[in-house]
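K.L.:
Let me see the structure of the following:
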Amino acid sequence: MDEPKRHIVEDYPAEKLPDELRGDIDPSHRARVIVEDLSTPKNERRYLRHFGAAADRNTSIDEAVQRIRNLRDEWDA
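P.N.:
Here you go, the predicted model:
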């Protein structure tokens, strides 16, 4: 699945923003504008960000569970 489409403008004159977006930002200031397509559900986007983050470790579920239990047991000792 693809990441959501995003367009970022790093330096934009606040005076050009519609009032509902500008809020209480001084019109003489500069703003960063981030526009993101929200058609992908938020939870799915969060999952996609981390998908495959540790794929290089080749850890089975059983190994991961055992490591977590070992760490937990260290705190109990």
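
K.L.:
Count the residues that sit near residue 8.
P.N.:
10 (other CB atoms under 10 Å). Bear in mind the C-beta positions are built from the backbone N, C-alpha and C, glycine included.

K.L.:
Is it part of a helix or strand, or is it coil?
P.N.:
Assigned by DSSP: H, G, I helix; E, B strand; the rest coil, the conformation of residue 8 is strand.

K.L.:
Surely it touches residue 34?
P.N.:
Yes. Between residue 8 and residue 34 there is a contact under CB atoms under 8 Å: 5.1 Å.

K.L.:
Which secondary structure element of this protein has the lowest mean pLDDT?
P.N.:
helix 42-50 (a mean of 60; mean pLDDT, DSSP states H and E).

K.L.:
Can you name the secondary structure element that comes next after it?
P.N.:
Toward the C-terminus, helix 42-50 is succeeded by helix 61-76 as the next helix or strand (DSSP states H and E).

K.L.:
For that next one, what is the distance to the chain centroid?
P.N.:
A distance of 27 Å separates the centroid of the chain from that of helix 61-76, by CA atoms, centre = their mean, to the nearest Å.

K.L.:
ok, now stretch 23-38?
P.N.:
Chain-centre distance of stretch 23-38: 19 Å, with CA atoms, centre = their mean.
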